[in-house]
Every structure is written in C-alpha cells, then in structure tokens.
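Asker: 3D, please:
(one chain, ligands or ions: 4)
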Amino acid sequence: MRSPDIRTTFLDFFRERGHRAVPSSPLVPSDPTLLLANAGMNQFKPYFLGETTPDHPRAMSVQKCVRTSDIENVGRTARHTTFFEMLGNFSFGDYFKQEAISWSWELLTEHFNLDPSRLWVTVYLDDDETVRLWRRIGVPSDRIQRLGMKDNYWSMGIPGPCGPSSELHYDRGPQYGPEGGPAVDGERYHELWNLVFMQNLRGDGPGKEGYPILGELPAKNIDTGLGLDRLAAILQDADGVCDTDLVGPALRLVRELAAHDEPVSSRIVAEHSRSIAFLIADGVLPSPDGRGHVLRRLMRRAILHARRLGIDDPVLAPLTTTVVDGLGGTWPELTTHADLIRHVVTSEEEGFEQTLRHGTRFLETAVSRSTGTISGATAFKLQDSYGFPIDLTLDAARSAGLTVDEDAFAELVEERRRQALEAGRSTKKDAIERHDTYRRLRAEHGPTEFVGHDTTETET
Ligand code: ATP
Ligand code: MG
Ligand code: MG
Ligand code: MG
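Answerer: Residues are numbered from 1 along each chain as shown. Ligands and ions are numbered 1, 2, ... in the order given. Have a look, this model is predicted:
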C-alpha cells in the first residue's frame with residue numbers, strides 16, 4: 001500500500017468513528033517551550049490541560065514531526081528518521097482506553113491486514129486494566145509485556161500533559177534478532193503505535209524522567225501516535241523507513257550520484273534532505289542557534305556524508321527538488337516554497353564549501369608545523385571556529401602520518417558542551433517562565449483578541 005492510501009485509510013477509519021480532521025500544525029509550534037513539533041498532540045495541549053474547550057471532542061490528524069534527538073539513529077536503525085509523519089486519533093475527555101485499544105487493533109488487523117500473530121503489546125508496569133482489555137480482544141498473555149517509565153509513560157520532554165501508555169509493536173521476523181518481544185533491546189520488534197492515556201500533568205525538572213508528576217488533568221483523554229513511515233515500511237515490505245515511497249525516491253537519487261556504495265551515509269543524505277525541505281517550507285532558515293541551528297546541522301551532515309560518498313557537486317538542491325516532487329501533492333507548502341528551498345540550500349552548501357576550504361587551509365598549515373601530533377586546541381579550533389568536523393581532521397592527520405591529541409580535544413568539546421548546556425538551560429527556563437507568565441495573565445484577563453495589523457500597541 002502506497003503512503004497516500006495509508007493516510008486515507010487511517011483518516012476514513014476514524015472519520016467513520018466520529019473524528020474530525022485537523023490539519024497538521026506547522027513544524028514551528030506556537031508553544032514557546034517547544035523547539036519543533038515532535039508529536040501529534042502538541043497542538044492539542046491546551047485541550048488536554050483544560051485551558052480551552054474544543055468544538056468537537058474527537059480529532060484526528062497527520063502531523064509533521066521533527067525529532068533531532070533521533071539524529072544519530074538515522075541510517076543506523078531501520079526505524080528512525082529526523083522528520084516523520086505521525087497519524088493520530090484524539091479524545092478530549094470523551095472515549096478512553098477501551099475504544100482506543102479496540103480501534104487500534106481493528107484498524108491494523110482488518111484494514112491494514114497485519115498478521116495478528118506478529119503484533120505484540122506493551123503496557124505500563126501496573127496497568128492491569130489495560131492488560132485485561134488486550135486479553136479481551138484476544139491478545140495472548142505471552143505477547144503482552146509490562147515496561148517502565150522510559151518506554152511506557154509518555155510525556156512531551158517539557159512540562160505538560162502526560163500519562164501511561166500502551167504500545168503496539170510489529171515482529172519483523174527472526175532474521176532481525178532473537179525472539180523475546182519488545183522488552184528485548186534490538187530491532188526485531190518495531191514500535192508502531194503509541195496509545196497514551198493522557199491523564200496527568202508534569203512539572204519542570206531535570207530531564208525527562210526527573211519531571212515530577214503534579215496531579216491529574218481535568219479529564220481523561222486519549223492521544224495516539226502511529227508512525228506513517230514505520231507502517232509504510234511494513235506494508236511496502238521495505239527494509240526500513242528510508243526504503244519506503246516516502247524517502248525512497250531521494251535515496252535512489254543519492255545512489256545514482258554516489259561514486260561508491262555506503263548504505264548508512266546514503267540513507268542519512270536522503271533522509272536529511274526531506275527534513276531540510278520541510279523545515280524551510282515551514283519558515284526555518286539556517287542560523288547559529290535554535291531551530292535554524294537544527295536545520296544547519298542537518299544540512300552540514302547531509303553534505304559531509306555526500307562528500308564521503310564521492311559526490312562532489314552540489315547535492316542538496318537536486319535532492320530537495322526530488323522531495324518536493326514526491327511529497328508536494330500531499331504537502332502543498334513544499335511546492336509553494338520550492339524556489340525558497342532551492343535558494344536556501346544552494347547558498348548554504350556554497351557557504352559550507354567555503355568553510356571547508358578555509359578549514360583545510362588552516363589544517364594544512366597546522367600539519368606542516370606539527371611534528372608527530374596535532375594539538376587538541378588546533379582540532380578544537382577547526383571544529384568550533386571553522387565548522388570543520390573532527391573526522392576530517394583525523395583523516396588529514398592520518399594521511400600526513402600524524403596523530404591528533406584526541407583526549408585534549410574531547411576535554412575542550414566537553415567544556416563547550418557544559419557552557420552550551422548552561423546557556424540552553426537558562427533559555428529554556430526563560431521560555432518556560434514567559435509561558436507561565438502568559439498563562440497567569442490569560443487566566444486573569446482572558447485570551448487576548450487579535451485587533452489587526454494596524455494596531456502597534458505593545459502587549460505585555
Ligand atoms: P522509539 O522507541 O522507537 O524511539 P518512541 O517511543 O520515541 O519510538 P513515540 O514518542 O511513542 O516514539 O511516538 C509515537 C510513534 O511515532 C512511534 O510509535 C513511531 O511509530 C513513531 N516515531 C517515533 N519516533 C520516530 C522516528 N524518529 N522516526 C519515525 N517514526 C517515529
Ligand atoms: Mg524515540
Ligand atoms: Mg519507544
Ligand atoms: Mg513510544
């Protein structure tokens with residue numbers, strides 16, 4: 001089944017069950033505490049918090065998501081991309097566990113025709129009620145596993161609504177690893193669909209699991225996320241998420257352009273091209289921090305991996321054009337901003353080429369002056385000031401018969417990371433404080449009304 005049919009099948013199923021379609025929010029969220037949209041529920045957060053009442057208690061969406069936290073997994077696992085589409089059905093204080101569970105099973109086994117004996121489910125540790133519900137629809141006990149906070153308790157990664165979850169996983173078969181279900185680490189069982197029983201509220205704290213659970217939400221809600229890319233991989237009998245009709249066309253072009261075959265790099269270049277196109281279409285431009293930095297990092301990684309494949313000509317323009325051609329029918333913003341995308345990737349790639357050239361010159365001088373070892377400080381300066389990655393320094397050193405003081409380099413990187421973390425923490429804290437102030441004002445004065453572009457009065 002092609003991805004357009006997967007989206008339609010999903011939406012038709014939930015439309016027949018009283019859900020109203022809500023368009024994807026842009027990747028740049030209106031929530032100031034969130035860097036980029038990372039789940040279908042993001043735009044519904046005020047409903048879950050009880051701050052606003054929706055017109056209709058059931059919604060469904062196909063949400064564009066970006067998760068940079070998965071960047072290192074791209075190309076290496078068969079299930080992670082930095083950009084993906086999340087199919088979701090939502091209940092705002094309406095139906096709860098029973099419907100969410102039985103509908104997910106019915107859709108996967110009767111409409112997408114997945115073999116029920118390949119489906120495993122996980123539930124949150126002590127959630128006996130959910131185990132009973134799965135048993136009642138016929139899932140055998142030995143394919144129901146209980147997992148803890150990390151896997152089966154969902155939260156946004158920032159303060160907000162959260163709750164225990166139950167997930168459906170697909171057994172890809174013995175060629176991908178030992179039997180044992182999703183509780184076993186590895187890639188045999190792909191997590192496919194997360195059903196979150198959104199009922200609690202999380203506060204601020206150090207790291208995802210450190211956020212204290214503050215209490216109950218005003219109502220019991222349902223938030224689900226089914227990864228379109230992962231479902232497409234199964235239904236298209238593809239090796240992984242980069243081999244579907246979603247990323248496949250870009251991957252084929254990378255292979256055509258490449259001088260040699262290096263599967264991980266090829267997948268990275270193809271996959272990042274899609275994220276790059278979608279981010280620019282939603283108004284993100286490359287910059288040294290924030291969202292722009294995410295975009296720049298994706299572009300530089302894609303370019304470096306392309307060079308590693310022996311592609312010396314500009315690569316981002318042709319690849320993002322392929323993405324626009326393939327997905328522009330479903331996501332018209334790609335087509336609307338096709339020129340902007342081409343312009344931005346072309347100038348960024350030219351700029352990065354220049355960076356690499358300057359870095360190479362600096363490195364050559366360093367190499368000619370070194371006897372035996374290139375200092376950690378030099379390697380760090382190359383990376384930090386020239387944007388010249390350590391991999392390239394190591395390569396050049398090796399060819400010149402030199403070594404790099406990697407320990408000293410690692411210390412400097414760690415030092416910089418600590419500084420960035422401190423800076424990031426205060427930025428995040430500022431954003432959360434601004435958000436809290438906004439909420440308080442809103443509670444006191446009600447929502448602000450849009451009074452038109454002519455009004456220049458500043459709101460506080
Ligand atoms: P995983 O454990 O495999 O990293 P997750 O638990 O982080 O996935 P959720 O936050 O539960 O994912 O998101 C809901 C669904 O979205 C997942 O079940 C999966 O189908 C899809 N999904 C999540 N992250 C990615 C990704 N990086 N690439 C593609 N699909 C994803
Ligand atoms: Mg994950
Ligand atoms: Mg998971
Ligand atoms: Mg999950």
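Asker: For this structure, give me the ranges with low pLDDT.
Answerer: 205-210, 424-460 (pLDDT under 70).
Asker: Show me where it has its strands.
Answerer: 20-21, 58-66, 83-91, 119-124, 144-147, 153-155, 160-171, 189-202, 213-227, 373-374, 403-404 (DSSP state E).
Asker: What is the last one packed up against?
Answerer: With contacts defined as 3 or more CB pairs under 8 Å, 6 or more residues apart in numbering; DSSP states H and E, the packing partners of strand 403-404 are strand 373-374, helix 390-399. C-beta: built from backbone N, CA, C; applies to glycine.
Asker: cool, the fifth one as well?
Answerer: With contacts defined as 3+ CB pairs under 8 Å, 6+ apart, the packing partners of strand 144-147 are strand 119-124, helix 128-136.
Asker: does any part of the shortest one sit near ligand 1?
Answerer: No: using CB under 6 Å from any ligand atom, strand 119-124 never reaches ligand 1; the gap is at least 10.1 Å.
Asker: what does stretch 20-31 give?
Answerer: No: Stretch 20-31 does not reach ligand 1 (CB under 6 Å from any ligand atom); its nearest approach is 13.9 Å.
Asker: What residues does the stretch 151-300 of the chain have near ligand 1?
Answerer: Looking at ligand 1, the residues of the stretch 151-300 of the chain close enough under CB under 6 Å from any ligand atom are 191-194, 225, 227, 229-230, 241.
Asker: just checking, Q43 touches V22?
Answerer: Yes: with contact defined as CB atoms under 8 Å, Q43 counts as touching V22 (7.4 Å).
Asker: Spell out which residues make up each domain of this protein.
Answerer: The chain breaks down into these domains under automatic domain parsing: 3-235, 247-358, 370-440.
Asker: As TSV, the ones you listed with mean neighbour count and distance to E364 would be great.
Answerer: Below are these laid out as TSV (neighbours: other CB atoms under 10 Å; distance: least, CB to CB, whole Å):
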stretch	mean neighbour count	distance to E364
domain 3-235	18	30
domain 247-358	19	11
domain 370-440	15	8
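Asker: OK, contacts around the residue of the chain found nearest ligand 1?
Answerer: The chain approaches ligand 1 most closely through G227 (2.3 Å), counting by CB to the nearest ligand atom. Residues near G227 by CB atoms under 8 Å, 6 or more residues apart in numbering: 79, 84-87, 191-193.
Asker: Could you do D94 as well?
Answerer: 57-58, 222.
Asker: Tell me the one of these nearest Y170?
Answerer: I222 (21.2 Å; CB to CB).
Asker: just checking, that closest one touches Q98?
Answerer: No: using CB under 8 Å as the test, I222 is too far from Q98 to be in contact (10.2 Å).
Asker: Quick check: the residue of the chain most remote from its centre vs L394, distance?
Answerer: Distance from the C-alpha centroid of the chain peaks at T371, with 44.4 Å (CA atoms, centre = their mean). Separation of T371 from L394 (CB to CB, to the nearest Å): 18 Å.
Asker: got it, and S102?
Answerer: In terms of CB to CB, S102 sits 55 Å off from L394.
Asker: Check T335 too.
Answerer: For T335, the distance to L394 - CB to CB - is 42 Å.
Asker: So for L11, which of the helices and strands packed on strand 144-147 sits nearest?
Answerer: strand 119-124 (21.7 Å).
Asker: same for the closest one, what does it pack against?
Answerer: Here strand 119-124 touches helix 128-136, strand 144-147, helix 149-152, strand 160-171, going by 3+ CB pairs under 8 Å, 6+ apart.
Asker: Residues contacting the first one, please?
Answerer: Read that as helix 128-136. For helix 128-136, contacts defined as CB under 8 Å, 6+ apart pick out 97-98, 101-102, 121, 123-124, 141, 144, 146, 164, 166, 197.
Asker: any idea how far it is from the chain center?
Answerer: Relative to the centre of its chain, helix 128-136 is centred 30 Å away, using CA atoms, centre = their mean, to the nearest Å.
Asker: ok, now the third one?
Answerer: What separates the centre of helix 149-152 from the centre of its chain is 18 Å, taken as CA atoms, centre = their mean.
Asker: cool, and the last one?
Answerer: Its chain's average C-alpha position is 16 Å from that of strand 160-171, according to CA atoms, centre = their mean.
Asker: What pairs with it, parallel or antiparallel?
Answerer: When pairing is defined by DSSP bridges, strand 160-171 lines up against strand 119-124 (antiparallel), strand 153-155 (antiparallel), strand 189-202 (antiparallel).
Asker: angle of it against helix 128-136?
Answerer: Strand 160-171 runs at 30 degrees relative to helix 128-136, counting by axes from the mean of the first three to the mean of the last three CA atoms, to 10 degrees.
Asker: which residue is nearest the centroid of the protein?
Answerer: Most central in the chain (CA atoms, centre = their mean) works out to R67, at 2.2 Å.
Asker: That one is in contact with T82, isn't it?
Answerer: Yes: under the criterion of CB under 8 Å, R67 makes contact with T82 at 6.3 Å.
Asker: Now do the same contact list for the nearest residue to D405 once chain neighbours are set aside.
Answerer: Distances taken as CB to CB, 6 or more residues apart in numbering place G376 nearest to D405, at 4.2 Å, with adjacent residues excluded. Counting by CB under 8 Å, 6+ apart, G376 makes contact with 404-412.
Asker: first to last residue in stretch 281-292, what's the distance?
Answerer: 13 Å (CA to CA, to the nearest Å).
Asker: Show me how far that stretch is from its chain's centre.
Answerer: Worked out by CA atoms, centre = their mean, stretch 281-292 lies 16 Å from the chain centre.
Asker: Check stretch 70-79 too.
Answerer: Distance, centroid of stretch 70-79 to centroid of chain: 11 Å (CA atoms, centre = their mean).
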